[in-house]
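**Q** coordinates only, no sequence provided:
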């Protein structure tokens, strides 16, 4: 008779409380991710020239802020990031940092002059 014992460690928790835990057994927020080093990756399948990927931050059904990643040109290794907020003019980019570290404030343009 061969007996095999397996001990499994649970990494992802989906309790009835509605909080989801990844890497934790005690999630205390609707999404609680716990890990060491790089713990999260958001990846867009769009890798075309000047592609963008946006993380929207909502209250209710209305986007109040955003973080947007921009691929600059056709290089998948060159890109910038912008932060946006909702004001009287709607949800707009308010700050942009390009791949070379140039900072634009109060602009939605990704073009900088010297």
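**A** Now that the structure is in, tell me what you want to look at. All of these numbers come straight from a predicted model, not from anything done at the bench.
**Q** could you use CA atoms for every contact and neighbour count after this?
**A** Fine.
**Q** can you map out the helices along the protein?
**A** Using DSSP state H, no helices are found in the chain.
**Q** which parts of it are strands?
**A** Using DSSP state E, the strands of the chain run over residues 12-13, 20-22, 31-33, 52-59, 62-71, 79-87, 90-97, 103-105.
**Q** and the gap between residue 44 and residue 83?
**A** 18 Å (C-alpha to C-alpha, to the nearest Å).
**Q** equivalent analysis for residue 74, please.
**A** 22 Å.
**Q** more neighbours, the two?
**A** Applying other C-alpha atoms under 10 Å to residue 74 and residue 83 shows that residue 83 carries more neighbours, namely 19 against 13.
**Q** the closest residue in space to that one that isn't next to it in sequence bridge partners, please.
**A** The shortest distance from residue 83 to any non-neighbouring residue, by C-alpha to C-alpha, 6 or more residues apart in numbering, is to residue 67 (4.8 Å). Residues in a beta bridge with residue 67, per DSSP bridges, are residue 55, residue 83.
**Q** repeat that for residue 91.
**A** Going by DSSP bridges, residue 91 is paired in beta bridges with residue 86.
**Q** next one: residue 34 from residue 83, what distance?
**A** 25 Å.
**Q** including distance to residue 39 and mean pLDDT, could the strands of the chain go into CSV?
**A** As requested, the strands of the chain are arranged in CSV below (distance: least, C-alpha to C-alpha, whole Å; pLDDT from 0 to 100):
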stretch, distance to residue 39, mean pLDDT
strand 12-13, 14, 63
strand 20-22, 10, 84
strand 31-33, 7, 86
strand 52-59, 16, 88
strand 62-71, 18, 90
strand 79-87, 19, 91
strand 90-97, 23, 90
strand 103-105, 27, 89
